[in-house]
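**Student:** Show me the folded form of this:
(2 chains)
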Amino acid sequence: MNIRGTIKITPQAVVRDGQTLPTTKHGDALLTECYRNSHADYPKYFKMDGLCRLGFVASELLLMAQAEERFQPRDDRAVVLASCHGCLETDQRYETTIDDNDNYFPSPAVFVYTLPNIVTGEIAIRNKYLGESSMYLFEETTSEEERLQLLQILTFEDPMTTSALIGWLNYLDGEHYLAKLYLITNE
Amino acid sequence: MGKRVAKVIAHHALTPLADGSLENYRLVKEGRSAVQHHDAQEWNVGEDFMAGLIATPFASPRATNLALHSIRCALEQLSEPLPTSDTMLIISTTKGNIELINHARADVRLGAMAEQIAHELGLTRQPVVVSNACTSGVCAQVVAQRLLTAGVCRYAIVCGVEAQSRFIVSGFQSFHALSPEPCRPFSKNRIGLNVGEAAATIIYAATPAEDIQPNDWVLRAGAIRNDANHISGPSRTGEGSYRALKAVMTGAKADELAFISLHGTATPYNDEMESIAVDRAGLIDVPIGSLKGYYGHTMGAAGVLETILSMAAVDDHTVLATLGYDDELGVSHPVKVASTNRSTDKRAFLKLISGFGGSNAAIRMQKGGVQ
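**Tutor:** Numbers count the residues shown, from 1 in each chain, chains lettered A, B, ... in the order given. Have a look, this model is predicted:
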């Protein structure tokens, strides 16, 4: 297994391939700063929930540093992510739209994000990845290495998959989140 | 030891129709449906709706207890207990115990729900939760096959579970995806889906390929593919479903298939997309069907439940009728759907499924070894 690139985003800092990127904001504002720094020009970003924004900017910053052509349809790259809290932040937000009988306004734009795998789809759409996309949920009772190793085994059992965007994405709220993504190949 | 394959060693389905796989199959073959009318006021949602709901009371957290019941029933069929350290639990669900969202409970987290189930069963390995929207139940079986063939464990318990809730019903209503009538998969006048709840379990064992007996069911191939198109609408070219079908048909022939169990939710877009994918994959002459008219869309449970019923149908030399299909085909490609049960002598089938996030998944199940 060959690691081609890494990224870690916390509410305080962005570290890509071991180097801290210059940023000035923190929390949710840091994600939008990352979006602007990536020059992605992708207005759908502003419709996304926190989990998707986190996954989107992490994948953008990681992939833009790679010496490879982007946005060509390909089916050999998988997007395989894992999380502890999944989309609970959005679940909570959706719940507030139906909690109050006198103010009942269930929103399809919020409801669609109440699935933890939407972020894998957002990344696949952005990059035209037609290969596998999967989202797994784990408690943090095992080590990060163990969970990552399991994801790798699962991912490369599909003979179509030769590289994968793989890792951990957890978004509790605008002040508490973590993205740790890897671009790995099976060479 | 030669190549290991994933063999089915037990299964169980808990649905509104029945508690047990074969009883469910018998009632489905008779044309019984679990889908009933439910009142908006009683559920405190915007409109009345149709759904297949389990009437038996299960204590909260409901999804956890539905899953535990089904898994225990499957385990009881085995002649001896599974080795706890060599068995992995794979849970497939979309919303788990979402009714706990306002109660600050850990088991609203899907991983925590799975750990609780594993703990109750005495399993020591960390469970895996697959949450790929409505494709989860097929994806979870793909995960089981990979864990077994890669040698990560010897046994895999796959449980798909969905408990219906105000959260889910109100959300689908906001999407205008629910039909106020029983759903009509692949029909011209289909207008939407019915939701359902179920818990369904399949236990797989890693088995040397040469040890497979003629009546053993084996998961031969599985694939998960993204449309890379839209987060809440299917691809107009059936991209991900086509690619998943193509992947699982590698090394197999269309005339070996008894049928393809499609997703067939009865929304206008889903069924149309599937007809395109089936045609593109060169499978247009294979009988197809949807089981949503019997149970509604059981979401995280659907892929597992529909695999169990499909195995039972092939065992009974039957292609099940698509309940709700009104004999007026409403998709652009001429899929072989029927409103009556048909007979078959074939020994394999495909299960295809798709969902939000652009996710698609397929498995090829085959009875007996490869000649």
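**Student:** C-alpha only now, for contacts and for neighbours.
**Tutor:** OK.
**Student:** Spatially central residue for chain A, please.
**Tutor:** Compute the mean C-alpha point of chain A, and by CA atoms, centre = their mean the closest residue is residue A:55, 2.1 Å away.
**Student:** Just the CA trace of the strand or helix carrying it, in CSV.
**Tutor:** Residue A:55 is located in helix A:50-64, with elements delineated by DSSP states H and E. Below are the C-alpha coordinates for helix A:50-64, written out as CSV (Å, rounded to 0.1, in the frame of the first residue of the first chain):
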residue,chain,number,x,y,z
GLY,A,50,-21.0,20.7,7.9
LEU,A,51,-20.0,17.0,7.4
CYS,A,52,-20.1,17.5,3.6
ARG,A,53,-18.2,20.8,3.7
LEU,A,54,-15.6,19.2,5.8
GLY,A,55,-15.2,16.2,3.4
PHE,A,56,-15.4,18.5,0.4
VAL,A,57,-12.6,20.9,1.4
ALA,A,58,-10.4,18.0,2.8
SER,A,59,-10.7,16.1,-0.5
GLU,A,60,-10.2,19.3,-2.6
LEU,A,61,-7.0,20.4,-0.7
LEU,A,62,-5.6,16.9,-0.8
LEU,A,63,-6.3,16.2,-4.5
MET,A,64,-5.2,19.7,-5.8
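**Student:** For that helix, which helices and strands make contact with it?
**Tutor:** With contacts taken as 3 or more CA pairs under 8 Å, 6 or more residues apart in numbering or on different chains; DSSP states H and E, helix A:50-64 sits against strand A:2-9, helix A:28-37, helix A:118-127, strand A:163-173, strand A:176-185.
**Student:** For the residue of the stretch 251-371 of chain B found nearest chain A, the count of nearby residues, please.
**Tutor:** Closest contact between the stretch 251-371 of chain B and chain A, by CA to the nearest CA, is at residue B:357 (4.4 Å). Per other CA atoms under 10 Å in any protein chain shown, the neighbour tally for residue B:357 reads 34.
**Student:** will you turn the helices and strands packed on helix A:50-64 into TSV that also has mean neighbour count?
**Tutor:** Below are the helices and strands packed on helix A:50-64 laid out as TSV (neighbours: other CA atoms under 10 Å in any protein chain shown):
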stretch	mean neighbour count
strand A:2-9	19
helix A:28-37	19
helix A:118-127	26
strand A:163-173	23
strand A:176-185	20
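**Student:** Adding distance to residue B:267, write the ones you listed out as CSV.
**Tutor:** Formatted as CSV, the helices and strands packed on helix A:50-64 follow (distance: least, CA to CA, whole Å):
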stretch, distance to residue B:267
strand A:2-9, 39
helix A:28-37, 35
helix A:118-127, 20
strand A:163-173, 32
strand A:176-185, 35
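**Student:** Excluding chain neighbours, give the residue nearest to the residue of chain A found nearest chain B in space.
**Tutor:** At 4.0 Å from chain B, residue A:125 is the closest residue in chain A, using CA to the nearest CA. Spatial nearest neighbour of residue A:125, chain neighbours left out: residue B:228 (4.0 Å); criterion: CA to CA, 6 or more residues apart in numbering or on different chains.
**Student:** For residue B:183, see how far away that neighbour is.
**Tutor:** Remark: distance between residue B:228 and residue B:183 (CA to CA, to the nearest Å) = 28 Å.
**Student:** Next: residue B:41.
**Tutor:** Distance from residue B:41 to residue B:183, by CA to CA: 22 Å.
**Student:** What is the neighbour count of residue 49?
**Tutor:** Looking at chain A here, since you left the chain open. Residue A:49: 20 neighbours (other CA under 10 Å).
**Student:** um, chain B though
**Tutor:** 23.
**Student:** Check the secondary structure at the residue in chain A sticking out farthest from the centre for me.
**Tutor:** Distance from the C-alpha centroid of chain A peaks at residue A:102, with 35.6 Å (CA atoms, centre = their mean). Following DSSP: H, G, I helix; E, B strand; the rest coil, we place residue A:102 in the helix state.
**Student:** And for residue B:348, the neighbour number?
**Tutor:** 26.
**Student:** For chain A, what's the nearest residue on the stretch 201-350 of chain B?
**Tutor:** residue B:228 (4.0 Å).
**Student:** you'd agree that residue is in a helix?
**Tutor:** No: using three-state DSSP, the assignment for residue B:228 is coil, not a helix.
**Student:** would you say residue B:365 is within a strand?
**Tutor:** Yes: counting by three-state DSSP, residue B:365 is located in a strand.
**Student:** Does anything pack onto whichever strand or helix holds residue B:306? Which helices or strands?
**Tutor:** Under the criterion of DSSP H and E, residue B:306 resides in helix B:302-315. Packing partners of helix B:302-315 (3+ CA pairs under 8 Å, 6+ apart): strand B:4-14, helix B:21-29, helix B:136-149, strand B:155-162, strand B:198-208, strand B:257-261, strand B:348-355.
**Student:** Give me the next element, helix or strand, following that helix.
**Tutor:** strand B:318-319.
**Student:** How far off centre is whichever helix or strand comes after that following strand?
**Tutor:** Next helix or strand after strand B:318-319 toward the C-terminus (DSSP H and E): strand B:342-343. Offset of strand B:342-343 from its chain centre (CA atoms, centre = their mean, to the nearest Å): 22 Å.
**Student:** Stretch B:268-281 too?
**Tutor:** Worked out by CA atoms, centre = their mean, stretch B:268-281 lies 18 Å from the chain centre.
**Student:** pLDDT of it, averaged?
**Tutor:** Taken as a whole, stretch B:268-281 has a mean pLDDT of 98.
**Student:** Kindly report the same for stretch B:34-45.
**Tutor:** For stretch B:34-45, the per-residue pLDDT averages 96.
**Student:** One more: stretch A:113-122?
**Tutor:** 98.
**Student:** is chain B contacted by that stretch?
**Tutor:** Yes: using CA under 8 Å from any CA of the partner chain, stretch A:113-122 reaches chain B at A:115, A:116, A:117, A:118, A:119, A:120, A:121, A:122.
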